[in-house]
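In: Okay, sequence plus prediction incoming.
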There are 2 protein chains.
Amino acid sequence: MATRRLTFVTGNANKLMETKYILSQGIPIEIDSQDLDIPELQGTTQEVAIAKSRRAAELLGRACITEDTALCYEAFGGLPGPYIKHFMKNIGHEGLNNLLVGFPTKDAYALCTFAYSAGPGAEPILFEGRTDGTIVPARGPPTFGWDAVFQPKGFDKTYAEMTKEDKNVISHRYRALDKLKAYLSTLPT
Amino acid sequence: MATRRLTFVTGNANKLMETKYILSQGIPIEIDSQDLDIPELQGTTQEVAIAKSRRAAELLGRACITEDTALCYEAFGGLPGPYIKHFMKNIGHEGLNNLLVGFPTKDAYALCTFAYSAGPGAEPILFEGRTDGTIVPARGPPTFGWDAVFQPKGFDKTYAEMTKEDKNVISHRYRALDKLKAYLSTLPT
């Protein structure tokens, strides 16, 4: 079985490392990366992912994968969702909690969407991974996005407090990557 | 002086009527409209406006104007901003107030951005109008977006409670249109 090569369009070294690690377990694949400046759309997480995947394949001229992360508050009907990075940047961990003071539920879900494009003009295929949890006051290292305020259901630790191994098993990104890996393993090389 | 013709890219009959009315006062101009499906970007209000204007001029093949509205909470560093329509749709007037329960200021500003493009490939020119105010529990007819929860500074009425004439004088849209009108009057016909 020949080794497949695939480009992950990302400028995030952590995501690249995690993706390489998870995809390479079980299938012969080599992942390189390219950091492209692709404007993000407004819309549903699926619309955002499809637009980015299409544009990335056009710019690269070959098959590629892209990734999008959303943090969806139940009280807001799924928002901030794909706009979470703007809120994280402007109001930080404390603000992400304060948004919910006036609402009855702190439930939220983390959603990761990987998109695979076979190349320019091909219809992107989406792989979603979802992890349910609650928004809590920040605990653990505050360095990785909103990980410190997201506590997965059934756990007493936030993403930021978990070991990488524990987080990987239940994380939204892992769940999406697992589906992507299953799909890639069915493709002819 | 010949009458200029210009296309306003919008599907909103209210905005079209208001824009026609304000622009036609003082300059000889005829505004038609076209409803194009243009995906909106994430980003600053200026980035969102520029991208929409460029795309509209490409699709139309001629000069046009586009409009974007944002509602910017001081406590959120300007967010929801261009994403306000998604929040309005998901959590309504009560939710727009509840977002601020955990924050010390209810101050907000309404921002209207008109973009003028001279045609495909031309750099869009932006005209911003801003009105400062406060987010309050809804008062007045709830029919026009978030007008019922925005009370301009120095007034005891919300946008929704004001007469059209009173609102026009101080509204973010009027202020942007006034700048656009001044610019259009300098162009050779």
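Out: That came through fine.

In: need the residues of chain A near chain B, please.
Out: The interface of chain A toward chain B, taken as C-beta under 8 Å from any C-beta of the partner chain, is made up of A:39-43, A:47, A:51, A:75-80, A:82-83, A:86-87, A:90-91, A:95, A:97-103. For every residue, glycine as well, the C-beta is placed using N, CA and C.

In: Sort out for me which of those are in helices.
Out: When DSSP state H is applied, the residues of chain A next to chain B are split such that A:Glu47, A:Ala51, A:His86, A:Phe87, A:Asn90, A:Ile91, A:Gly95, A:Asn97, A:Asn98 fall in helices.

In: Near the residue nearest to the fifth one when sequence neighbours are not counted, how many other residues are there?
Out: Of all residues not flanking A:Asn90 in the chain, B:Gly77 sits nearest, at 3.5 Å (C-beta to C-beta, 6 or more residues apart in numbering or on different chains). As a burial measure, B:Gly77 scores 15 neighbours (other C-beta atoms under 10 Å in any protein chain shown).

In: cool, A:Val149 as well?
Out: Residues near A:Val149, counting by other C-beta under 10 Å, number 28.

In: do you know how far it is from chain B?
Out: To chain B, A:Val149 is 14 Å away according to C-beta to the nearest C-beta, to the nearest Å.

In: Same check on A:Arg54?
Out: Counting by C-beta to the nearest C-beta, the gap from A:Arg54 to chain B is 11 Å.

In: Now do the contacts for the residue lying closest to A:Asp32 once chain neighbours are set aside.
Out: Distance criterion C-beta to C-beta, 6+ apart; nearest residue to A:Asp32, sequence neighbours excluded, is A:Thr7 at 5.5 Å. For A:Thr7, the contacting residues are A:Ile31, A:Asp32, A:Ser33, A:Gln34, A:Leu60, A:Arg62, A:Ala63, A:Cys64, A:Ile65, taking C-beta atoms under 8 Å, 6 or more residues apart in numbering or on different chains as the criterion.

In: rerun at 6 Å
Out: In this structure, A:Thr7 makes contact with A:Asp32, A:Gln34, A:Cys64, judged by C-beta atoms under 6 Å, 6 or more residues apart in numbering or on different chains.

In: A:Trp146 too?
Out: Taking C-beta under 6 Å, 6+ apart as the definition of contact, the neighbours of A:Trp146 are A:Leu71, A:Met88.

In: pLDDT wise, what is it at?
Out: Reported pLDDT at A:Trp146 in the predicted model: 97.

In: still on that earlier bit, helix or strand: which one has the residue nearest to A:Asp32?
Out: Using DSSP states H and E, A:Thr7 sits in strand A:4-9.

In: In terms of secondary structure, what does the helix or strand following that strand contact?
Out: The element immediately downstream of strand A:4-9 (helix or strand, assigned by DSSP H and E) is helix A:13-24. For helix A:13-24, the contact count by 3 or more C-beta pairs under 6 Å, 6 or more residues apart in numbering or on different chains; DSSP states H and E identifies strand A:29-34 as packing neighbours.

In: angle of the strand it packs on against strand A:4-9?
Out: 30 degrees (axes from the mean of the first three to the mean of the last three C-alpha atoms, to 10 degrees).

In: Show me what strand A:29-34 is packed up against.
Out: strand A:4-9, helix A:13-24.

In: what's the angle between the last one and strand A:29-34?
Out: Spelled out, it's helix A:13-24. Between the direction of helix A:13-24 and that of strand A:29-34, the angle (the same axes, to 10 degrees) works out to 160 degrees.
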